[in-house]
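[1] below are the sequence and a predicted model; questions follow.
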2 protein chains.
Amino acid sequence: MNWTLASRAARMNPSFIREILKVTERPGIISFAGGLPSPKTFPITEVNAAVTKVLTEDGEAALQYATSEGYSPLREAVAKMLPWHVSPDQVLITTGSQQGLDLIAKILIDKDSIIWVESPTYLGAVQAFTPMEPRVVSVACDDDGLDVDALEVQLNHTPADQKPRFIYLLPNFQNPTGRTMPESRRAKLAVLAQAHGLCIIEDNPYGDLWFDEEPPATLTSRNPDGTIYLGSFSKILAPGLRLGFMVLPPVLYPKMLQAKQAADLHTPSLNQRVLYELLHSDFIPQHKPSIRALYKSQLEAMLAALDREFGRETPRTVTWNKPIGGMFLWLTLPKHMNSQALLHKAVAQGIAFVPGAAFYANEGEMEHNKLRLSFVTASVEQINQGIAILAKCIADEK
Amino acid sequence: MNWTLASRAARMNPSFIREILKVTERPGIISFAGGLPSPKTFPITEVNAAVTKVLTEDGEAALQYATSEGYSPLREAVAKMLPWHVSPDQVLITTGSQQGLDLIAKILIDKDSIIWVESPTYLGAVQAFTPMEPRVVSVACDDDGLDVDALEVQLNHTPADQKPRFIYLLPNFQNPTGRTMPESRRAKLAVLAQAHGLCIIEDNPYGDLWFDEEPPATLTSRNPDGTIYLGSFSKILAPGLRLGFMVLPPVLYPKMLQAKQAADLHTPSLNQRVLYELLHSDFIPQHKPSIRALYKSQLEAMLAALDREFGRETPRTVTWNKPIGGMFLWLTLPKHMNSQALLHKAVAQGIAFVPGAAFYANEGEMEHNKLRLSFVTASVEQINQGIAILAKCIADEK
């Protein structure tokens, strides 16, 4: 039979990370590779109690078709939860925040539209944008995230017909680098974006996972009409429920809603109502500090292990950042080393990570001596053991 | 702020039905309009027990990220449930079968690709296909569904460069008409499709809702490499869980999987595992006969009410079909009458239905004297009362 594929399908390729994760799923391997929240943080009992409450009190509605916008009380609770003024009418409940990226692609990207992203960036976003065939252009980043001075130069040198549809940013504890944009950059970005009419997609799945202090105010709060905000309950409740949301400028709401309706009619009613119960009862606000404390202790264990293994080098050839929240840190190998080659040896020795090259939108930009380490899934004992193995693998490569 | 919308967004319009449904949500209205399964059929207690079992036995996995293909035991159970040979590797679990339509649009439709649909057809499918900007061409239908002789003529007269990417069909108890394709047509279609290389999308959300005997074998079972099958648990379990599936020819699986991954990573893990429990424990197979019996009695009540109100007319000016399963019947008014105009008066009198015009892919094809009546949501008492009101509204219009 002669199925004819859409031309966009040729651009869609299997996730490099998913392929890596398959290799690393070998039993007994210590994995710093996955982007999985620690299952220790999943409130199994509370979710079960909320399901029972929802099904007992209004089971028929929880199992019936529902509006595409999302469950009204949940939209209100989400608006109330956010620390800037948001109307419930701007909130669109999505089937995980990944779906928000898919809807954005459909409504904002034409074939050959230019979009800007951080370098490196979240691979899943590039995968969601790719089917609509954009040209993805990277903007320079450094240890503080987006380099806003470089952005200014790029904006000034961009002819009107090359203007991006939007820039996609993760300002808090970015995936993959763990970097956070400081206040000064956010303030300057807000001014620049308004001056140049630069629309922003702010993806904030990790924002609640700060360790010592809250990150600076969101980009959306500074420029609500020019920013789409993507939020997620995967990191502070559970990813398996697939619950996220968009906060949309009112002008974009009707079309995003139509795209949502066509995509899956609505996000599961039962899941939305369970989330509402857990927000309404204040369980989620009370739960967040325990996740933060766990992840902070895990990060400290990993930083201590890295110091133990690499700290005495002079000069230092292996370096890493110290995230102030989130799930990941970003490690730099000596220039000549290739983290993909290293991964093969590491897996043979029983550990896994994701090579940095997986996270760049364009091949020419890839930095082959970087790698992403998740510090939240492995236990402290595994972290100590795994980082020692990593150090041995690196030493063997030198 | 100057958001630039993708050109496809201009083609996306609010669902006519959703707009109608808003009008008809007035309290106290007797609605034959919605496509909602009867909430009496929702197994609230069993769903709750399954959630508790899943969360108690493997809560961490049920709340964690999962593979995009779907939960393996569920894919196996779905393959086993189908009455033709299906490998679990062909099964892709989707967030409702609506999502399957969205993935099909992305992978199989280029701008201006021609696709063929029944006339009338399921509006949600047209809405899912529209963002990829196809040209939608209708194929003639009659009381037995797709007119396969007309299809043959159409195939023979279609030049190679006008060949459709696929034909989209609902052979069982179609939405909106309640029509079912008989065996002879299915057999002929299978031969024709293979001879002409006509790819088929077979959407079968209502197939389990037969009243006296099973519908003829699926189109997919006759031509598995040339057909994509869409299945749903919305009608035999509960729509609010958003659980559907695709059975894909192996050649299409990898690209559909990548589209699924980009769309929402995966269908909620908890929901998939709950469904698995209800399939595995044989609850769902045992539950189906009770839904069939309920819907059959509802249909009988509606047919009796229609006979009472319109049966004594000579000559008959109002006619309707007698579906052998599903949720809907299709009523024909006198030629000069317009069901949209009638709806306004009907709502004022306390009843609602969906005008037939809502279900045609192209304006020129609309039959304005048709309307869809759902017989599953209203009670028998409401059916008797509502059809009497409908008769009075029609009499006033004549």
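    Right, received. Where do you want to start?
[2] what's stretch A:271-279 in contact with?
    A:43, A:46-47, A:50-51, A:53-54, A:58, A:61-62, A:66, A:70-71, A:73-74, A:77-78, A:81, A:93, A:233, A:237, A:241-243, A:284, B:268, B:270-271 (C-beta atoms under 8 Å, 6 or more residues apart in numbering or on different chains). C-beta: built from backbone N, CA, C; applies to glycine.
[3] from the residues you listed, which land in helices?
    A:46-47, A:50-51, A:53-54, A:58, A:61-62, A:73-74, A:77-78, A:81, A:284, B:270-271 (DSSP state H).
[4] ok, the closest residue to A:K163 other than its chain neighbours - contacts?
    Among residues not flanking A:K163 along the chain, A:I114 sits closest, at 7.1 Å (C-beta to C-beta, 6 or more residues apart in numbering or on different chains). Residues in contact with A:I114, defined by C-beta under 8 Å, 6+ apart, are A:134-135, A:137, A:162-165.
[5] kindly report the same for A:H336.
    Residues near A:H336 by C-beta under 8 Å, 6+ apart: A:N369.
[6] per-residue confidence at A:E60?
    The model reports A:E60 with a pLDDT of 97.
[7] got it, and the one 5 residues further on?
    Predicted confidence (pLDDT) at A:Y65: the value is 94.
[8] and if you look at the one 4 residues further on?
    If you check A:E69, the pLDDT there is 96.
[9] any idea how far chain B is from it?
    In this view, A:E69 and chain B are 11 Å apart by C-beta to the nearest C-beta, to the nearest Å.
[10] that residue against A:I93, yeah?
    Yes - counting by C-beta atoms under 8 Å, A:I93 is a contact partner of A:E69 at 7.1 Å.
[11] buried ones among the contacts of stretch A:271-279?
    Listed as buried from the contacts of stretch A:271-279 are A:43, A:46-47, A:50-51, A:54, A:61-62, A:66, A:70-71, A:74, A:77-78, A:93, A:233, A:237, A:241-243, A:284, B:268, B:270-271; burial here means 16 or more other C-beta atoms under 10 Å in any protein chain shown.
[12] before we move on, back to that, between A:E69 and A:I93, what contacts are shared?
    Contact criterion C-beta under 8 Å, 6+ apart; residues shared by A:E69 and A:I93: A:R75.
[13] point out the residues in the stretch 51-200 of chain A that sit beside chain B.
    A:51-52, A:55-56, A:59-66, A:68, A:95-96, A:98-99, A:101-102, A:106-110, A:113, A:124, A:127-128, A:130-132, A:165, A:194, A:197, A:199 (C-beta under 8 Å from any C-beta of the partner chain).
[14] tell me the domain boundaries of chain A?
    Domain assignment of chain A by automatic domain parsing yields the ranges A:7-42+A:286-397, A:66-282.
[15] most packed of the ones you listed?
    Mean neighbour count (mean count of other C-beta atoms under 10 Å in any protein chain shown) peaks for domain A:66-282 among these, with a mean of 21.
[16] and that domain, end to end?
    For domain A:66-282, the first and last residues are 25 Å from each other (C-alpha to C-alpha, to the nearest Å).
[17] same deal with stretch A:77-87?
    Terminal residues of stretch A:77-87 lie 10 Å apart, using C-alpha to C-alpha.
[18] around chain B, pick out the residues from the stretch 201-350 of chain A.
    Checking the stretch 201-350 of chain A against chain B by C-beta under 8 Å from any C-beta, the hits are A:223, A:225-226, A:234, A:238-242, A:249, A:251-252, A:254-255, A:258-259, A:261-271.
[19] what sits up against stretch A:203-210?
    A:97, A:101, A:122, A:125, A:168-175, A:215, A:218, A:229-232, A:234-236, A:244, A:288, A:291-292, A:295, A:324-327.
[20] return the residues in contact with A:V380.
    A:297-298, A:301.
[21] and with 6 Å instead?
    Going by C-beta atoms under 6 Å, 6 or more residues apart in numbering or on different chains, A:V380 touches A:A301.
[22] how close does it sit to B:G356?
    65 Å (C-beta to C-beta, to the nearest Å).
[23] again with A:I387
    Distance from A:I387 to B:G356, counting by C-beta to C-beta: 67 Å.
[24] before we move on, what about A:N156?
    Distance, A:N156 to B:G356, by C-beta to C-beta: 57 Å.
[25] same check on A:F166?
    41 Å.
[26] quick check: A:G364 is in a helix.
    Yes - counting by DSSP: H, G, I helix; E, B strand; the rest coil, A:G364 is located in a helix.
[27] could you pull out the strands for the stretch 51-200 of chain A?
    Ranges of strands in the stretch 51-200 of chain A, per DSSP state E, counting those that start in this stretch, are A:91-94, A:114-118, A:135-139, A:141-142, A:145-146, A:167-169, A:200-203.
[28] out of those, the one nearest B:R26 is which?
    Of all these, strand A:91-94 sits nearest to B:R26, with 24.9 Å by C-beta to C-beta.
[29] and the closest one, which strands flank it?
    According to DSSP bridges, strand A:91-94 forms sheet pairs with strand A:244-247 (antiparallel).
[30] what helices or strands is the next helix or strand after the strand it pairs with leaning on?
    Where DSSP states H and E defines the elements, the next helix or strand beyond strand A:244-247 is helix A:253-264. Helices and strands touching helix A:253-264, by 3 or more C-beta pairs under 6 Å, 6 or more residues apart in numbering or on different chains; DSSP states H and E, are helix A:97-108, helix B:97-108.
[31] quick one: work out the angle between the first one and helix A:253-264.
    Counting by axes from the mean of the first three to the mean of the last three C-alpha atoms, to 10 degrees, helix A:97-108 lies at 120 degrees to helix A:253-264.
[32] include distance to B:D149 when you put the helices and strands packed on helix A:253-264 into CSV, please.
    CSV is the format used below for these (distance: least, C-beta to C-beta, whole Å):
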stretch, distance to B:D149
helix A:97-108, 38
helix B:97-108, 26
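[33] make a markdown table from the ones you listed and add distance to A:L151 and mean pLDDT to it.
    Shown next, in a markdown table, are the helices and strands packed on helix A:253-264 (distance: least, C-beta to C-beta, whole Å; pLDDT from 0 to 100):
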| stretch | distance to A:L151 | mean pLDDT |
| --- | --- | --- |
| helix A:97-108 | 19 | 98 |
| helix B:97-108 | 31 | 98 |
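[34] got any ranges where the stretch 1-150 of chain A has weak pLDDT?
    Residue ranges of the stretch 1-150 of chain A with pLDDT under 70: A:1, A:15, A:17-18, A:21, A:24-25.
[35] wait, what's in contact with the nearest residue to A:F359 once chain neighbours are set aside?
    Spatial nearest neighbour of A:F359, excluding adjacent residues (C-beta to C-beta, 6+ apart): A:P120 at 3.5 Å. By C-beta under 6 Å, 6+ apart, the residues touching A:P120 are A:176, A:359-360.
[36] having no further points to raise, I will conclude here.
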